[in-house]
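In: Let's see this in three dimensions:
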Amino acid sequence: METELKLLLAPQDLRRLRRDPQVKALQQGRASTRRVHSVYYDTPERTLQGAGLALRLRSDGGRWLQTLKTEGQASAGLHVREEWEWPLVDGVLDFGLLATTPDAKLFHSPKLRAALRPEFATEFERTSLRLGFADGSSAELCLDSGTIRAGRRASAISEIEMELLAGSPARLYELAQQLVERVPLRLGHASKAERGYALAQKVPARPIKAARFDLGQAASVAEAFTAIARNCMAHLQANEAGFLQGKDPEYLHQMRVAVRRLRACFSLFGSALPQTAFAPVLGELDQQGAALGVARDWDVFLYETLHVLRAQCADVSALAAFERRCARLRRAHLRTAQDVVASAGWLRLWLGLGRRLAERAWAEGQPALAVPAGGFAADLLQRRADVLAKRGKHMRQLDASGRHRLRIAAKKLRYAAEFFEALYPKKHVRTYVHSLARVQQVLGALNDAATLLRLLPEAFASARLRDARAEGMIEGWSAASTHLQLDALGAAWDHWQRQKPFWISNKT
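Out: Sure thing, here's the model as predicted:
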């Protein structure tokens, strides 16, 4: 099982990191530098990639190595995956060695063996040194600088990998927290294999939704919390690079969803977690994540609300100047959010959370965290459903603030259902979540109409003259949209209330 922390940095900072005093203080023995050439193999149909595998041959300092890795999981820069590695006498794949792995049946196929071909290659200089920590943990620190190539396409490699050899992964985070104070770093979410496949397939990067995961029926509450929190972090970081490039507003949307999912995770497990265990993280998460929320509000305002209003407006000129002002404000808020995500404070937040999850000190001596997650999940889902039903009892009489609280309750119930869906029959969960999502969607549209009015003062504050026509049109549209969505909410609510709670028959 390979466990490594991957961090990205500028090429000019690699040398600075190599000379860092903390690295030197932990170093055991001499560093070594060598050229590393790797070739990754797959079929034209990319059978191995589809199976979550990466197969490579590596020339490393005069020796050959054959390696098979699983896709594994990555969150907060920590990559955990299974790995099999064998020395070879030459650069030819040895299928007999692959027959000793759990994927032996796949590699036994003569058709697959014949179809394997080089897919992409990496060429980089690696400086390696061994680190020893005070608690007995040890790791190998590798500084890599080079290139990934697939045909004529290339992408630069400039990163460090800290592979855990023994002990706790918390030490890797601890070192990274010290390094970020002196060297600009970013968490590395994609492996070299993932980057190589993307290059070879000429697939443009796209926003990533939250991935499903399997808790396992025997998981404890602590294990469920850890898996869910890591899933939320992985969702966030999978969209970080695209967001910083600013090409697609959906990256920002997915990052904001990931932050909300993570906050919901802490809230849903709040009764089982020690009160102070994650308080610093939650405070920092609220502070750092606020800029994402503001920027996303302006995205919705500009690209969704005003887009619809313009399409329905007979006099488009009345909105033109107002829309240009909103576009400038949207760009300003986006830059603010990007500055936050690119900051050292953002990285410290995720390194700190990753370290806490790895240390697991918060779970020690906590009986509520040691019990099976199944019973906890059923009780939690029922409580959240009761809260939603209570808040929606007099739906028509709710004001914007009350509908917002109702929306939050619907969102928490939906997230809880998605977090624990692996514990229940998939068909029942999907039907329930689909119905709940419709309620949340309508409440979201109502919230957008209210947000529209909330953003108007800032939009008009930058104008020399207040545009009464534009203001009247927007306020009228907000009122009309609210009226229509309230009718839709009643139908969506009735449909959700007819759904059978999928956790009842499985409650333990």
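In: my guess is Arg324 is in a helix, correct?
Out: Yes: per DSSP: H, G, I helix; E, B strand; the rest coil, Arg324 lies within a helix segment.
In: Leu489: neighbour count?
Out: When neighbours are counted by other Cβ atoms under 10 Å, Leu489 registers 23. C-beta coordinates here come from the backbone N, C-alpha and C atoms, glycine included.
In: Now Gly196: closest residue in space that isn't a chain neighbour?
Out: Nearest residue to Gly196, sequence neighbours excluded (Cβ to Cβ, 6 or more residues apart in numbering): Phe120, at 3.9 Å.
In: Which strand or helix spans that neighbour?
Out: Using DSSP states H and E, Phe120 maps to strand 117-132.
In: From the recorded domain assignment, give the ranges for the chain.
Out: Here the domain assignment for the chain is 2-203, 212-371, 382-508, based on automatic domain parsing.
In: mind saving the C-alpha coords of the strand holding Phe120 as PDB?
Out: C-alpha atoms of strand 117-132 as PDB (Å, rounded to 0.1, in the frame of the first residue of the first chain):
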ATOM      1  CA  ARG A 117       1.300  -0.600 -26.300                       C
ATOM      2  CA  PRO A 118       3.100   2.500 -25.000                       C
ATOM      3  CA  GLU A 119       0.500   5.200 -24.200                       C
ATOM      4  CA  PHE A 120       2.600   8.000 -22.800                       C
ATOM      5  CA  ALA A 121       6.000   8.500 -21.100                       C
ATOM      6  CA  THR A 122       7.600  10.600 -18.400                       C
ATOM      7  CA  GLU A 123      11.100  11.900 -18.300                       C
ATOM      8  CA  PHE A 124      12.300  13.700 -15.200                       C
ATOM      9  CA  GLU A 125      15.200  14.300 -12.800                       C
ATOM     10  CA  ARG A 126      14.600  13.000  -9.300                       C
ATOM     11  CA  THR A 127      16.400  13.900  -6.200                       C
ATOM     12  CA  SER A 128      15.600  11.500  -3.300                       C
ATOM     13  CA  LEU A 129      16.500  11.600   0.300                       C
ATOM     14  CA  ARG A 130      15.300   9.700   3.400                       C
ATOM     15  CA  LEU A 131      13.600  11.500   6.300                       C
ATOM     16  CA  GLY A 132      13.400  10.400   9.900                       C
END
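In: Okay, now the sheet partners of it, with direction.
Out: strand 27-42 (antiparallel), strand 138-150 (antiparallel) (DSSP bridges).
In: roughly how far out does that strand sit from the chain middle?
Out: Chain-centre distance of strand 117-132: 26 Å, with Cα atoms, centre = their mean, to the nearest Å.
In: going forward can the numbers begin at 55, since that is how I track them
Out: Let's use 55 as the start, then, which means that last one is strand 171-186.
In: average pLDDT across that strand?
Out: Taken as a whole, strand 171-186 has a mean pLDDT of 97.
In: buried residues in that strand?
Out: By neighbour count on 16 or more other Cβ atoms under 10 Å, the buried set for strand 171-186 is 173-178, 180-186.
In: Would you tell me which one of the strands paired with strand 171-186 is buried the most?
Out: Highest mean neighbour count of the strands paired with strand 171-186: strand 192-204, a mean of 19 (counted as mean count of other Cβ atoms under 10 Å).
In: Toward the C-terminus, what is the element adjacent to that one?
Out: Next helix or strand after strand 192-204 toward the C-terminus (DSSP H and E): strand 207-220.
In: Can you tell me what sits against that following strand?
Out: Strand 207-220 is contacted from outside by 56-65, 68, 71, 176, 178, 184-185, 190-202, 225-226, 229-230, 242, 246, 249, 253-254, 256, using Cβ atoms under 8 Å, 6 or more residues apart in numbering.
In: Can you name the helix or strand that the spatially most central residue of the chain falls in?
Out: Closest residue to the average C-alpha location of the chain: His289 at 1.7 Å, with Cα atoms, centre = their mean. Assigned by DSSP H and E, His289 belongs to helix 275-292.
In: roughly how far out does that helix sit from the chain middle?
Out: Offset of helix 275-292 from its chain centre (Cα atoms, centre = their mean): 9 Å.
In: Against which helices or strands is the helix or strand that comes right after that helix packed?
Out: Next along the chain after helix 275-292, taking DSSP H and E as the criterion, comes helix 294-299. Here helix 294-299 touches helix 303-322, helix 371-395, going by 3 or more Cβ pairs under 8 Å, 6 or more residues apart in numbering; DSSP states H and E.
In: Only alpha carbons, please: show the helix or strand that the last one is followed by as PDB.
Out: Think helix 371-395. Downstream of helix 371-395, the first helix or strand assigned by DSSP H and E is helix 398-413. Output in PDB follows, covering the C-alpha atoms of helix 398-413 (Å, rounded to 0.1, in the frame of the first residue of the first chain):
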ATOM      1  CA  ALA A 398      -0.900  30.100   1.700                       C
ATOM      2  CA  GLY A 399      -3.800  30.300   4.100                       C
ATOM      3  CA  TRP A 400      -6.000  28.100   1.900                       C
ATOM      4  CA  LEU A 401      -3.300  25.500   1.700                       C
ATOM      5  CA  ARG A 402      -2.700  25.600   5.500                       C
ATOM      6  CA  LEU A 403      -6.500  25.000   6.000                       C
ATOM      7  CA  TRP A 404      -6.400  21.700   4.000                       C
ATOM      8  CA  LEU A 405      -3.100  20.500   5.300                       C
ATOM      9  CA  GLY A 406      -4.400  21.100   8.800                       C
ATOM     10  CA  LEU A 407      -7.600  19.200   8.200                       C
ATOM     11  CA  GLY A 408      -5.700  16.400   6.500                       C
ATOM     12  CA  ARG A 409      -3.300  16.100   9.500                       C
ATOM     13  CA  ARG A 410      -6.200  16.000  12.000                       C
ATOM     14  CA  LEU A 411      -7.900  13.200  10.000                       C
ATOM     15  CA  ALA A 412      -4.600  11.300   9.800                       C
ATOM     16  CA  GLU A 413      -3.800  11.600  13.500                       C
END
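In: buried stuff in helix 398-413?
Out: Within helix 398-413, the residues that qualify as buried are 400-413, counting by 16+ other Cβ under 10 Å.
In: export the residues you listed to CSV and tack on distance to Ser325?
Out: Below are these laid out as CSV (distance: Cβ to Cβ, whole Å):
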residue, distance to Ser325
Trp400, 29
Leu401, 31
Arg402, 28
Leu403, 24
Trp404, 25
Leu405, 27
Gly406, 23
Leu407, 20
Gly408, 24
Arg409, 24
Arg410, 19
Leu411, 19
Ala412, 23
Glu413, 22
